[in-house]
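> Fold the following and give me the result.
(chains A, B, C and D)
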Number of protein chains: 2
Amino acid sequence: MQEPERYLSTAEVANYLSVGVSTVKRWVEKGVLKAHKTVGGHRKLLWDDVLRLAKEENFALGTLAPQASVGALEPIALRKEFEAALREESSAAAQALMQNTYRSGASLLALADDVIAPVMARVGKDWQTGRIDVCDEHQRTQLCISALFHLKRLLEVQVRPGRPLALGGAPEGDPYLIPSLMIEIVLLEAGWRVVNFGPNVPLDSLARAIADERPKLVWLSASHLEDEPRFVREVRVLSERAKAEGALLVLGGQAIQGELAQSLTFATIGQRLEVLVNLAKGLHPPPRRPRLGRPRKS
Amino acid sequence: MQEPERYLSTAEVANYLSVGVSTVKRWVEKGVLKAHKTVGGHRKLLWDDVLRLAKEENFALGTLAPQASVGALEPIALRKEFEAALREESSAAAQALMQNTYRSGASLLALADDVIAPVMARVGKDWQTGRIDVCDEHQRTQLCISALFHLKRLLEVQVRPGRPLALGGAPEGDPYLIPSLMIEIVLLEAGWRVVNFGPNVPLDSLARAIADERPKLVWLSASHLEDEPRFVREVRVLSERAKAEGALLVLGGQAIQGELAQSLTFATIGQRLEVLVNLAKGLHPPPRRPRLGRPRKS
DNA sequence: AGTAAAATCGTCCAAATCGTCCACGTTATT
DNA sequence: AATAACGTGGACGATTTGGACGATTTTACT
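Here you go, the predicted structure:
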């Protein structure tokens, strides 16, 4: 059952963000926070908007966690829960898991690195070793994709100007959608504007896109490579082009390993998205809010 | 369409506007909202008035929604709007377009057949003829996919037991996601339970899935075939297996054309999803709209 | 038709929010 | 160091809101 979207009053928001009620009202009038006004003039704020602001400006979140943050952010428990959702073909459960994690204020980066990635890696291995059928693997993949798109939508609602741009995808011959989708999500969370070209992107076309869009960051997620030497060759060219345009090229994914990774040391980040996000934050530190003013009394 | 004028109770309106019931009553008395009173004094509000108020007050139209005032589907205008959304890289616009179409009560089948399919076909053609770059095509594809997933989520909330099962995907070597996604959506709209295996499904594995899940309908959407003779061979086998399990196999997609289509006449539906849905409705007449009033006693 | 459950009515009042104002820290400027 | 500019948090009366209450209406089911 679809839960109605949760609205908060100014007092609740103030409590949650540890600021005064007047400040919340002022922020709404200023446009920092979105709000609806009832006929009587009472403001109603969307929980997701508040959370987004809190994350973007890295607030020290208040003690109050309006949404039920029942499930702790325990990766192991979440992994089991996620696996169960996939096994039972319950897209609703998978979506709810991600949405609740997001709403409880936990980092999506941790969700991606410590829950989704390991579980999907396990699914892939189970398929390769014949423990599950191809169709099962496909179905779970589709479920995961569906949940990730849903999660992405929560992050996209409010776009702010002045964000740096990142773009990328998976190289030609690589059909996998999930890695780029996770990258898109964690970059959105980090406050970037993101263009995801999806799987199977020819690198020469990507170079043209870099020239057109002038991003600050370009990612390439390779889960599977058809022609390694050619890939290495093209990536070197691409890296030059990116550097010329002032963009940083980073490589990641299961296929970038061992010897191959060594020959591409200039920009590999391995498999953890954490590394990518730290890099991104180095490129564009999230702006600090001057939010000082009068401190708490006493 | 069925019931262009549906009345809402104060409680429903209150829930929709995230406001107390007393407040709705007061607003009606105040004239902010129009209402018709029954002889017994119960207020009946018109959906249009509520929507108008929500819009005036800048509400993020949220939650409930199904039967809005009728919307005549204007394929040409919608196509232009959709193309503009894709061109401007505005995922929000694309999502809003689909969502509003759904909420206005128009058929998603028509949306898929007369808006999305033609536009995306045009995008594909533009790419092949070199009018747009591969990356542009990829980006628009990703935008469309994102919007379709969002649309699918709106349909998934209304789950009802006892629905027949349909499953399918794109055959091995076919990487396209959108056709199966559209099929999934129109089948959900028609009241089916759907399992979408996505692109690149080996047909032998699909046969095993049929044996396991016992669907009533199996679709195969082929946009691109690597090995036609093999495909024909495997499809014949698959069709036999499906028939043995009591399932109907249907083929569709751009690749099923001309000579190939002739050799597979037993189950092709061409490119219009309308044909598929009519077939599905023949197998299982669509459910009726739930009735109002006192809920089932428990 | 009759019955009982569920939803809504009208009225009330406590609690919450509104807009406005100003004293008070912080930051930047002189 | 002194001062202006700015954002914050709280206080104020006026207004709005939302839930509780018993009485009534609507609806589903027999």
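
> Quickly find the element holding A:E137.
helix A:134-156 (DSSP states H and E).

> For burial, what's the neighbour tally of the residue nearest to A:D174 when sequence neighbours are not counted?
The shortest distance from A:D174 to any non-neighbouring residue, by C-beta to C-beta, 6 or more residues apart in numbering or on different chains, is to A:H224 (4.9 Å). (Each C-beta comes from the backbone N, C-alpha and C, glycine too.) Look at A:H224: counted by other C-beta atoms under 10 Å in any protein chain shown, it has 14 neighbours.

> would you say A:H224 is within a helix?
No. Applying DSSP: H, G, I helix; E, B strand; the rest coil, one finds A:H224 to be coil, outside a helix.

> Quick check: it touching A:A255?
Yes. Assessed by C-beta atoms under 8 Å, A:H224 is found in contact with A:A255 at 5.8 Å.

> okay, and the common contacts of these two?
A:D174 (C-beta atoms under 8 Å, 6 or more residues apart in numbering or on different chains).

> tell me what the helix or strand hosting A:E81 is packed against?
Using DSSP H and E, A:E81 sits in helix A:75-87. Judged by 3 or more C-beta pairs under 8 Å, 6 or more residues apart in numbering or on different chains; DSSP states H and E, helix A:75-87 is in contact with helix A:91-103, helix A:117-128, helix A:134-156.

> With only the CA atoms kept, save that helix in PDB.
Extracted in PDB, the C-alpha atoms of helix A:75-87 (Å, rounded to 0.1, in the frame of the first residue of the first chain):
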ATOM      1  CA  PRO A  75      24.600  -3.800   7.000                       C
ATOM      2  CA  ILE A  76      24.300  -7.500   7.700                       C
ATOM      3  CA  ALA A  77      20.700  -7.300   8.700                       C
ATOM      4  CA  LEU A  78      19.900  -5.100   5.800                       C
ATOM      5  CA  ARG A  79      21.700  -7.500   3.400                       C
ATOM      6  CA  LYS A  80      19.600 -10.400   4.700                       C
ATOM      7  CA  GLU A  81      16.400  -8.300   4.300                       C
ATOM      8  CA  PHE A  82      17.400  -7.300   0.800                       C
ATOM      9  CA  GLU A  83      18.100 -10.800  -0.200                       C
ATOM     10  CA  ALA A  84      14.800 -12.000   1.200                       C
ATOM     11  CA  ALA A  85      13.000  -9.300  -0.800                       C
ATOM     12  CA  LEU A  86      14.700 -10.400  -4.000                       C
ATOM     13  CA  ARG A  87      14.000 -14.000  -3.300                       C
END
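
> Quick one: mean pLDDT for it?
Helix A:75-87 carries an average pLDDT of 94.

> and if you look at stretch A:128-146?
In the prediction, stretch A:128-146 has an average pLDDT of 96.

> could you point out which element follows the worst-scoring helix or strand of chain A on mean pLDDT?
The weakest-scoring helix or strand in chain A, judged by mean pLDDT, DSSP states H and E, is helix A:258-262 (a mean of 67). As assigned by DSSP H and E, the chain's next helix or strand after helix A:258-262 is helix A:273-283.

> how deep is the closest residue to DNA strand C within the stretch 101-250 of chain A tucked in, by neighbour count?
As assessed by C-beta to the nearest atom of the strand, DNA strand C sits closest to A:G162 within the stretch 101-250 of chain A, at 18.4 Å. A:G162 has 7 neighbouring residues, counting by other C-beta under 10 Å.

> which SS class is it?
Once three-state DSSP is applied, A:G162 turns out coil.

> any idea how far chain B is from it?
Distance, A:G162 to chain B, using C-beta to the nearest C-beta, to the nearest Å: 17 Å.

> now swap in A:S107 and tell me
22 Å.

> hmm, back to that, now do the helix holding A:E137 against helix B:134-156, angle only.
With axes from the mean of the first three to the mean of the last three C-alpha atoms, to 10 degrees defining the directions, helix A:134-156 sits at 90 degrees from helix B:134-156.

> just checking, what packs against helix A:134-156?
Against helix A:134-156 (3+ C-beta pairs under 8 Å, 6+ apart) you get helix A:75-87, helix A:91-103, helix A:117-128, helix A:178-189, helix B:91-103, helix B:134-156, strand B:193-196, helix B:203-213.

> 6 Å - rerun?
helix A:91-103, helix A:117-128, helix A:178-189, helix B:134-156, helix B:203-213 (3 or more C-beta pairs under 6 Å, 6 or more residues apart in numbering or on different chains; DSSP states H and E).

> Can you name the next helix or strand after it?
Following helix A:134-156 in sequence, per DSSP H and E, is strand A:165-169.

> Contacts for that following strand next, please.
A:180, A:187, A:192-195, A:197-198, A:201, A:215, A:217-220 (C-beta atoms under 6 Å, 6 or more residues apart in numbering or on different chains).
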